[in-house]
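Peer 1: Starting from these lines, generate the structure:
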Amino acid sequence: LIWKTDTLVPFSISTVFIRELNKDGISFKNGSVATQIMKSDLPSEQGIVEGMWMMYKEGTYFMFYSSSWFTLPTYHMGVARSTSILGPYTKREVPVVETDWERYN
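Peer 2: Have a look, this model is predicted:
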C-alpha cells in the first residue's frame, strides 16, 4: 500500500509511505512496517505530492505522482524511479505532464 500524509493547518509537506499488505489486500502483513519512500522536496511541488501510482519495468520501479496545488496552473505530474521498491527514489526534475503555461499566463 502506498499513501501520503500531510496537513493543511498547520501546513506540513507531503510524505509518502509504503507498507506490505497480506494476500487478502485489506490488512497489513505481520511484521511489515510503514517505510518513508518520498517527500515533497522540490520547489515546483509547493509542498504537495499526491495520487501516487507505480509501474515496474526491466528492474526499475517508476512512481508517478501529482504535485503542487490543483487550483494553480503549476499543478503537474512527476515521476521518480528506483531499483528497489523501498527506494531511494530519484525524481525527474522536468514534469511528465504539466499545464499549458501559455494558456494561463
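
Peer 1: quick one: least confident helix or strand in the chain?
Peer 2: The helix or strand of the chain with the lowest confidence, counting by mean pLDDT, DSSP states H and E, is helix 101-104 at a mean of 68.

Peer 1: what sits against the spatially closest residue to V33 that is not a sequence neighbour?
Peer 2: Sequence neighbours aside, R19 is the residue nearest to V33 in space, at 6.7 Å (criterion: C-beta to C-beta, 6 or more residues apart in numbering). Any C-beta I mention is one placed from the backbone N, CA and C, and that applies to glycine too. The contact partners of R19, by C-beta atoms under 8 Å, 6 or more residues apart in numbering, come to L1, F28, S32, V33, A34, T35.

Peer 1: Closest one of those residues to T15?
Peer 2: Nearest to T15 out of the contacts of R19 is A34 (C-beta to C-beta; 10.2 Å).

Peer 1: Would you check that the closest one makes contact with F17?
Peer 2: Yes. Under the criterion of C-beta atoms under 8 Å, A34 lies in contact with F17, with a separation of 4.5 Å.
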